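K.L.:
sequence? don't have it. structure:
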């Protein structure tokens, strides 16, 4: 009788499943397939369990784990079942188990099964973090509900109580899984289950929410649920199209899955899946960070009842508990550029943005309008030049809907798949990666800002039909104007986007060592030598970001040969640097030191006019005093030629907070010129420099070329901005026995270009080496 009943249940399961799976996607869409399979399995399992003696009060309970436990049954996934018992005799357990498992095996459905007591079930969950995650999703399907609840409720309680001790294991298991399966959004054939942004990450988010460590939601309400549904639907249709339990969406099934989901072809599907997976991965990463923060708060900080220190990073932005957050009193509704400033601060400090901060910005930040202020463009350049820290900061803005408010055109390329298989990333992520690859090259070009902007926009034309180079050039012009880029620089940027493929073509299609190749390339760029200089670095960054099949040793060698030929062409042209005109004078009857500080109409920038008696040493201590008072030099024209001492017209930024009182600044300058920098100031600057250089000393490019205005050399220093950088450069120049006649300073984002006109005995190439060494050297703690 039992065998007959078992056979009937097995046949009913098989026939019911076959009927569901033979239905087309028109008759039974993906969600309906899952619902139908779930109902079929629950109904038949309940009947089968009852026949096997698994009933209320029987001391047996049948639990569904995995897809059935979550009500996400896929066409060809296995059934994951747990039979729980109250320590019945072994023969009785075997009898019930055989009556349950054999009909399921007869049905042809893949089965993953186990038989355990409550204690055994909880012990397995405690010993294996993945088993623990699985058991929290379990549901009682049949039998003794109270017995089953001991397992389900016990597993969830155990998960919450033990999460602190198991958190590191959980993080490592997530990292290992992602390393094996890769990032869904970056793969042409992604693993929808195990990849970063896949269904395992959704389960992770739920498990952390269950542990009360995160809220389990995306920054944008409803987006996580929608993303989950898209990936789950794609995996459902992959099973149905392939007829097997596949997790990797191979290209051969892409069009069928896309058609079933009504999203066009496989490229459209890749864009939909890429967007959804990025939302899931970002939310999972947020949940992990929130969990880590919550566990830290429950520990030492919670015991001491002491709030973590808030360290200022930018105007309205602080570091709090290892994350970037808004300062108290900051109003997101009043500042459309605040999200960009937050992201720049996060990238510069290499810290994540707090989830709560992203939520506030997403809810309250207005869209940007009109021409960007100079500070906003600077923040964009800081963000783009942050190297490996860029992707996470960018992803935070993009997944929160904030990046599109800053650059509306980005929506056209978001998650757009690359048609060329040599590309590792989709178009938008490729542009970000190109900026990452460009960051180490910024000190090797005359215009690092244009390199970073070209990296971000060079493929933006792929959003529209036609030649993406020409289309991109048309698109980038109004964008650059809106960003506040100077007119001449707009034209250079347009040339870079229009001709961004020409350097690579010339290096492999012509003789890269032939001067005529470099000359023809310059001619194509309308003899724009700045564009020629930047294009070499842009091509290298673009090639590296495309993939390993593009930046091969052979192509790298040809690229280097053509870049050398281009440098020779540029070296044949005279220097473009002339002595600055500094129209700053000491008014009659005023003291020796003149300080005039005038704020800009908006932002934290100020005009600063200085007249200070003396020469090179005066410039050195002036730079030190400005650094001590938190005045970052954005732009400067400095003239030290006699008569009149040092005259300087500067643009300075306070970063955040009010600037120093001009009277105090004049007093400190006068004292430093007369007696040297006071010891407390010198010690404070030394500490700041040591902290920065020990963490990230940065790259320095220092070169010399002949002057055209007088005997001597032009020293150009390009590096990343840092504490007292200008003062340290001046000090190294003076120690090399060179005289500074005039100087120009320009900061673009986080990158500095200082130009010094030198004369005297130290006006030689060795000075450049001395400056580079000084800027990369960490001063000893005892230095004063």
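P.N.:
Cool, got the structure. In this text, all values refer to a predicted model and were calculated from it rather than measured experimentally. Numbering: from 1, shown residues only.

K.L.:
make it CA atoms for all contacts and neighbour counts henceforth
P.N.:
Fine.

K.L.:
I'd like the next helix or strand past the helix or strand of the chain with the lowest mean pLDDT.
P.N.:
Least confident helix or strand, the chain: helix 302-304 with a mean of 40, by mean pLDDT, DSSP states H and E. Next along the chain after helix 302-304, taking DSSP states H and E as the criterion, comes strand 310-314.

K.L.:
what's the average pLDDT for the very next helix or strand once past that following strand?
P.N.:
Remark: after strand 310-314, the chain's next helix or strand is strand 317-320, criterion DSSP H and E. Throughout strand 317-320, pLDDT has a mean value of 92.

K.L.:
packing partners of the helix or strand following strand 317-320?
P.N.:
Next along the chain after strand 317-320, taking DSSP H and E as the criterion, comes strand 323-326. Contact here means 3 or more C-alpha pairs under 8 Å, 6 or more residues apart in numbering; DSSP states H and E; on that basis strand 323-326 packs against strand 317-320, helix 338-349, helix 355-364.

K.L.:
and with 6 Å instead?
P.N.:
Contacting strand 323-326 under the criterion 3 or more C-alpha pairs under 6 Å, 6 or more residues apart in numbering; DSSP states H and E are the following elements: strand 317-320.

K.L.:
does anything pack onto the strand it packs on? Which helices or strands?
P.N.:
Judged by 3+ C-alpha pairs under 6 Å, 6+ apart, the packing partners of strand 317-320 are strand 310-314, strand 323-326.

K.L.:
check these for me and report the most buried one.
P.N.:
A comparison of the helices and strands packed on strand 317-320 by mean neighbour count, using mean count of other C-alpha atoms under 10 Å, puts strand 323-326 on top with a mean of 26.

K.L.:
quick one: average pLDDT of that strand?
P.N.:
Along strand 323-326, the predicted confidence averages to a pLDDT of 93.

K.L.:
so where's the stretch 651-784 of the chain uncertain?
P.N.:
For the stretch 651-784 of the chain, the stretches with pLDDT under 70 are 690-698, 778-784.

K.L.:
what about 80?
P.N.:
Under the criterion of pLDDT under 80, the regions of the stretch 651-784 of the chain flagged as low confidence span 655-658, 686-698, 762, 777-784.

K.L.:
all strands of it, in order?
P.N.:
Remark: strands of the stretch 651-784 of the chain, listed N- to C-terminal, are 700-706, 713-720, 739-748, 751-759; assignment by DSSP state E, counting those that start in this stretch.

K.L.:
so which elements touch the first one?
P.N.:
For strand 700-706, the contact count by 3+ C-alpha pairs under 6 Å, 6+ apart identifies strand 713-720, helix 765-776 as packing neighbours.

K.L.:
just checking: what are the partner strands of it?
P.N.:
strand 713-720 (antiparallel) (DSSP bridges).

K.L.:
and the contacts of the partner strand?
P.N.:
In this structure, residues lying in contact with strand 713-720 by C-alpha atoms under 6 Å, 6 or more residues apart in numbering are 443, 699-707, 750-758, 763.

K.L.:
ranking the helices and strands packed on strand 700-706 by burial, who's on top?
P.N.:
Per-residue neighbour counts averaged over each of the helices and strands packed on strand 700-706 give the maximum for strand 713-720, namely a mean of 24 (mean count of other C-alpha under 10 Å).

K.L.:
got the angle for that strand vs helix 765-776?
P.N.:
Between the direction of strand 713-720 and that of helix 765-776, the angle (axes from the mean of the first three to the mean of the last three C-alpha atoms, to 10 degrees) works out to 20 degrees.

K.L.:
in three-state terms, label residue 330 for me.
P.N.:
Recorded secondary structure, residue 330: coil (DSSP: H, G, I helix; E, B strand; the rest coil).

K.L.:
that one: what's its closest spatial neighbour, skipping adjacent residues?
P.N.:
Closest residue to residue 330 apart from its sequence neighbours, by C-alpha to C-alpha, 6 or more residues apart in numbering: residue 316 at 5.5 Å.

K.L.:
ok, now residue 13?
P.N.:
Taking C-alpha to C-alpha, 6+ apart as the measure, residue 13 lies nearest to residue 107, with 6.2 Å between them; neighbours along the chain are not counted.

K.L.:
re the thing from before, could the strands of the stretch 651-784 of the chain go into TSV alongside distance to residue 767?
P.N.:
As requested, these are exported to TSV (distance: least, C-alpha to C-alpha, whole Å):
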stretch	distance to residue 767
strand 700-706	9
strand 713-720	8
strand 739-748	11
strand 751-759	10
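
K.L.:
out of those, the one nearest residue 619 is which?
P.N.:
The closest approach between residue 619 and any of the strands of the stretch 651-784 of the chain, judged by C-alpha to C-alpha, belongs to strand 739-748 at 9.1 Å.

K.L.:
helices and strands around the closest one, which ones?
P.N.:
strand 632-639, strand 751-759.

K.L.:
what's the angle between that strand and strand 713-720?
P.N.:
Computed by the same axes, to 10 degrees, the angle between strand 739-748 and strand 713-720 is 30 degrees.

K.L.:
ok, and what's touching strand 739-748?
P.N.:
Applying C-alpha under 6 Å, 6+ apart, the set of residues contacting strand 739-748 from outside is 634-641, 752-760.

K.L.:
rerun that using 8 Å as the cut-off
P.N.:
Contacts of strand 739-748 with the rest of the structure, by C-alpha atoms under 8 Å, 6 or more residues apart in numbering, involve 378, 381, 448-449, 579-580, 615-616, 633-641, 721, 733, 752-760, 762-763.

K.L.:
swap in stretch 131-138?
P.N.:
Contacting residues not belonging to stretch 131-138 are listed as 63-66, 69-70, 124-126, 152, 155-156, 159, 203-204, 207 [C-alpha under 8 Å, 6+ apart].
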